[in-house]
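[1] Sequence and predicted structure, then a few things I'm wondering about:
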Protein chains: 2
Amino acid sequence: MNYRFSDKVLALKPNAIREILKSASDPGVISLSAGNPAPDAFPVDAIREISARILADNPIGVLQYGVSEGYQPLRDTLKAYLKEKHGIGTDDDELIVVSGAQQVMDLAGKSFLNEHDVLICEAPSFIGSLNTFRSYNTRLVGVPVESDGMSMEELEKALDANESAKMIYTIPNFQNPSGVTMSLGKRKKLYELALSHNCLIIEDNPYGDLRYYGEDIPSIKSFDTEGIVIYSGSFSKVISPGIRVGFMCAPKAAMAKMIICKQGQDVHTTMWSQMICNEFMTKYDFDGHLGFLRDLYRGKAALCMKLLDEYVVPNGITYNKIDGGLFIWCELPACVDMLDFCRKLTERKVCVVPGNAFLTDSELECHSFRINFSTPTDEDLTEGIKQIGQLAKEVI
Amino acid sequence: MNYRFSDKVLALKPNAIREILKSASDPGVISLSAGNPAPDAFPVDAIREISARILADNPIGVLQYGVSEGYQPLRDTLKAYLKEKHGIGTDDDELIVVSGAQQVMDLAGKSFLNEHDVLICEAPSFIGSLNTFRSYNTRLVGVPVESDGMSMEELEKALDANESAKMIYTIPNFQNPSGVTMSLGKRKKLYELALSHNCLIIEDNPYGDLRYYGEDIPSIKSFDTEGIVIYSGSFSKVISPGIRVGFMCAPKAAMAKMIICKQGQDVHTTMWSQMICNEFMTKYDFDGHLGFLRDLYRGKAALCMKLLDEYVVPNGITYNKIDGGLFIWCELPACVDMLDFCRKLTERKVCVVPGNAFLTDSELECHSFRINFSTPTDEDLTEGIKQIGQLAKEVI
């Protein structure tokens, strides 16, 4: 059979990270390539309790069809939480539950992007989202990330140069993969530029609750008076990724089409998962759990940076200090072949993610790689970073 | 803000049934409009047991990220089950788990359909799938359904007339909404026609296990030697719809792109849900449960047809007898305005689904409506059908 694929998917390749993860799961391999929560980060006891209770008290509610917009009590909880804690959501906004934040990118892509339309994103940016936009045959235009976020000069140039640019995709907090947080000034500038170019913003904030140092910076959505920001949140890093629950807060007028698209994708998000999140947020100490996670990951982040300073930086690799999130972005000197370096690391049973995977075009020149510190044990993290330092010493 | 929606979604309207269901949930309304399992159809005790066990034995497995293709033990279980029970699956096929069968339509639509490509379907057909295909700006061409399935003459004409027809979408067993089952002869003819026109078939089989009378007919996928059939199955009608688990068996070469698209949509299906299905299939009496469901629904189907014969048929409405599934398709005489009839029923607090919702163009002439007998209690079913008969007596 000659399969006649759509133009949209012809050039699609599997997410390089998820492919790397498959080999990284071999025993004996130290994986610094994942973005998984630490195994001890899950509120297992609470989830056991909640699951038993909802299946005892309301089994039909757990097992029967739900509505596409999401489990109403969870929607109410999230609306109140976002409003109170982050100043997010106006009367013109709506909030729906989705099957992980990844679905926000798909629904927004389907609802707004014609083939060959331009989406502007940070360069580098999260490969999962980029692949989703690619699956609508979107043209990705990357704007370089500076230490305080996207370059606003380059963003303005990109907007001026691309009339079909309909969306700007940004991860303002502890960006994946760069670890960078966008300054308040740049958030406001980005909002102004988007508004003046009739452009939507997707604000993807899966890591916002995982700040280990410094003060929270207001989200772009919190000053969205004109209805141009689609805010995406997730429980994957703060409760569990395996339950697949995220949420989206967006202008009602923009949301309506996305809800229809969600109906057509998976009808609704798993009821059990939605109820777990709602019960955990309302009947347990959610803020306390976030504090526990911050303490856990602050320790791992500090260890990771200390090890990098000790073993890696002296051998010629630089990296961005982080205030939160799960990732650190390391840069090799321009004279070193980054892909070859990552390959050699793999031979030494240490997996990192080659940085070109996060670019709008993986053929572009890249000297960086991403490491993750949330998933490995402290012992593996130590051994892995020592190996990186050792290899750097040999080849740089 | 002037939202610049994509061409794909401009004409999209919410699924009419799910909108009707919202009003049908008012207290005092008898809903014959749903497609939900009966509340007593869920294996609640088993699910309670399984949930407690997997959260005790393997909490990290339930809560951590999984792979996009699905939970491997469930994939293995399903592969063996389909092969043994239905003769489905060759070495050239792959099976993946999806978040409800609706996702199969979305992944297939994205992977194969360019905008304005033609998809051929039964007329009438399942509105949920039609809406999914519409969300890719697909042109739907309907082929009339006869008492033994799609008209093969009309199908051949449609294939000849539409060179961009890349897919035929069919629900061969107890079709939603017509209740019709496709004969073996027509299944073979459909396969031949698809093959000779370089066309894929999506065989959607959510109701196949719910046969109340007669013998199973081999699935089209069971004679797919050439790799042109995408087979879609679901746990929604046989375990629970709220858990959102379906599966797809398709040629490996066609599957690869769909897996990438699934990664971009929801990364993977909820782990808890997948584990519930696998444990239930392997450690409980799954076949016994299917027998229980068949007995339950056979009783409700028989009651429904008896009531129709007694109260409705004598007043001028005809219907198709069914051998399985959840739906019965009723036809008004051509002189009666069907939409007006459904509206008047709603005033009498009885909800059915107007048949035009299931057409490729809801403006086409239609004299039918769909009723469901699985969700209402026997008392509500009786009262609802009496009301239909009473209204028919008054207006026909």
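    Yes, it's here. Everything quoted here is computed from the prediction, not taken from an experiment.

[2] What count of nearby residues applies to the residue nearest to A:Pro177 when sequence neighbours are not counted?
    For A:Pro177, ignoring the flanking residues on the chain, the nearest one in space by Cβ to Cβ, 6 or more residues apart in numbering or on different chains is A:Arg370 at 4.0 Å. For the C-beta atoms, the positions are set from N, CA and C on the backbone; glycine is no exception. Close neighbours of A:Arg370, defined as other Cβ atoms under 10 Å in any protein chain shown, add up to 25.

[3] ditto for A:Val62
    So A:Val62, with other Cβ under 10 Å, has 26 neighbours.

[4] So it lies in a helix, does it not?
    Yes. Looking at A:Val62 with DSSP: H, G, I helix; E, B strand; the rest coil, it is inside a helix.

[5] got a list of what it touches?
    A:54-55, A:271-272, A:275, B:240, B:242 (Cβ atoms under 8 Å, 6 or more residues apart in numbering or on different chains).

[6] Would you mind measuring from it to A:Ile54?
    Applying Cβ to Cβ, to the nearest Å, the value for A:Val62 to A:Ile54 is 6 Å.

[7] which residues are common contacts for the two?
    In contact with both A:Val62 and A:Ile54: A:272, A:275, using Cβ under 8 Å, 6+ apart.

[8] And A:Met150, its phi and psi?
    phi -40, psi 140 (degrees, to the nearest 10).

[9] Repeat that for A:Thr90.
    A:Thr90 adopts backbone torsions of phi -120, psi 180, taken as degrees, to the nearest 10.

[10] and it, how many neighbours?
    A:Thr90: 14 neighbours (other Cβ under 10 Å).

[11] and what of A:Arg348?
    14.

[12] Tell me the strands beside the lengthiest strand in chain A, with direction?
    Longest strand in chain A by number of residues, with DSSP state E as the criterion: strand A:139-146. The pairing partners recorded for strand A:139-146 under DSSP bridges are strand A:118-123 (parallel), strand A:149-150 (antiparallel).

[13] got a list of contacts for the last one?
    Among residues not part of strand A:149-150, those counted as contacts by Cβ under 8 Å, 6+ apart are A:122, A:143-144, A:170, A:172, A:175, A:180-183, A:186-187, A:190.

[14] from those, which is closest to chain B?
    Closest to chain B out of the contacts of strand A:149-150 is A:Leu190 (15.7 Å), distances taken as Cβ to the nearest Cβ.

[15] Assign that closest one to helix, strand or coil.
    Going by three-state DSSP: A:Leu190 is helix.

[16] so it makes contact with A:Thr170?
    Yes. A:Leu190 sits in contact with A:Thr170 when judged by Cβ atoms under 8 Å, with a separation of 6.9 Å.

[17] Between the two, which has more neighbouring residues?
    The residue with more neighbours, out of A:Leu190 and A:Thr170, is A:Thr170; 28 against 24, by other Cβ under 10 Å.

[18] what separates that one from A:Glu203, distance-wise?
    6 Å.

[19] same deal with A:Phe292?
    26 Å.

[20] coming back round to it: which neighbours do A:Thr170 and A:Glu203 share?
    With Cβ under 8 Å, 6+ apart, A:Thr170 and A:Glu203 have common neighbours A:Ile220.

[21] I'd like the distance between the closest residue to A:Gln390 other than its chain neighbours and A:Val44.
    Using Cβ to Cβ, 6+ apart and skipping residues adjacent in sequence, the residue nearest A:Gln390 is A:Tyr311, 7.7 Å away. For A:Tyr311, the distance to A:Val44 (Cβ to Cβ) stands at 34 Å.

[22] do the same with A:Lys393
    41 Å.

[23] Who has more neighbours out of the two?
    Under the neighbour definition other Cβ under 10 Å, A:Lys393 and A:Val44 were set side by side, and A:Val44 has more, 17 against 13.

[24] re the thing from before, and A:Phe292 and A:Glu203? which has more neighbours close in?
    Neighbour count, other Cβ under 10 Å: between A:Phe292 and A:Glu203, A:Glu203 has more, with 28 against 14.

[25] Residue ranges of each domain in chain A, please.
    Annotated domains of chain A cover A:16-43+A:288-395, A:44-283 [automatic domain parsing].

[26] So for B:Asp378, which of the ones you listed sits nearest?
    Each of the domains of chain A has some distance to B:Asp378 by Cβ to Cβ; the shortest is domain A:44-283, at 17.6 Å.

[27] Quick one: mean pLDDT for the closest one?
    Per-residue pLDDT values across domain A:44-283 average out to 97.

[28] and that domain, how far apart are its ends?
    15 Å (Cα to Cα, to the nearest Å).

[29] what do you get for stretch A:174-191?
    Note: stretch A:174-191 ends 19 Å apart using Cα to Cα.

[30] roughly how far is it from the heart of the chain?
    Here stretch A:174-191 is found 13 Å from its chain centre; the criterion is Cα atoms, centre = their mean, to the nearest Å.
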